[in-house]
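>>> Predicted structure and sequence below. I'll ask about it afterward.
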Amino acid sequence: MLNVKVLGSGCANCKRLEQTVKRVAEARQIPIELEHVTDYAEIMKWKILATPGLVVNNKVVSAGRILKDDEVARFLTAPQEN
């Protein structure tokens, strides 16, 4: 199971990324544990300059962008290939 975090205050873009992650994981039957981190101090620990941020298995894979479904899918499947 992948540990996935969406980093962001809860703004529209952050919520959109969270929904995209859920949709892609469900469609591709990828088991994930999803957490939306809204605490500013916790977000700062990840050293990103802009939100939303996406963390997969404790690695920041994106920050400051709204990702498309295929981009999210690539991030969710890449760790399983290793």
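All right, it came through fine.

>>> Where does pLDDT dip in this protein?
79-82 (pLDDT under 70).

>>> Now the residue most central in space within it. Nearest residue, chain neighbours left out?
For the chain, the residue nearest the mean C-alpha position is Leu54 (3.1 Å; Cα atoms, centre = their mean). Among residues not flanking Leu54 along the chain, Ser62 sits closest, at 4.3 Å (Cβ to Cβ, 6 or more residues apart in numbering). C-beta coordinates here come from the backbone N, C-alpha and C atoms, glycine included.

>>> just checking, the one you found touches Arg74?
No - Ser62 lies out of contact with Arg74 (Cβ atoms under 8 Å); the separation is 10.4 Å.

>>> pretty sure the residue nearest to Leu54 is in a helix, no?
No - using DSSP: H, G, I helix; E, B strand; the rest coil, the secondary structure at Ser62 is strand, not a helix.

>>> who touches it in this structure?
Neighbour list for Ser62: 53-54, 71, 75 [criterion: Cβ atoms under 8 Å, 6 or more residues apart in numbering].

>>> Repeat that for Glu42.
By Cβ under 8 Å, 6+ apart, the neighbours of Glu42 are Leu7.

>>> how about it, secondary structure?
Here Glu42 takes the helix state, with states given by three-state DSSP.

>>> Quick check: end-to-end length of stretch 2-15?
19 Å (Cα to Cα, to the nearest Å).

>>> Could you list the paired strands of the helix or strand where the residue nearest to the centre of the chain lies along with their orientation?
Taking DSSP states H and E as the definition, Leu54 sits inside strand 53-56. Paired neighbours of strand 53-56 in the sheet (DSSP bridges): strand 2-7 (antiparallel), strand 59-63 (antiparallel).

>>> Not counting the helix or strand just after the longest one itself, show me its contacts.
Okay, so that is strand 2-7. Later in the chain than strand 2-7, the nearest helix or strand by DSSP H and E is helix 12-27. Helix 12-27 is contacted from outside by 4, 6-8, 30-32, 34, 36, 38, 51-52, 54, 66-69, 72-73, 76, using Cβ under 8 Å, 6+ apart.
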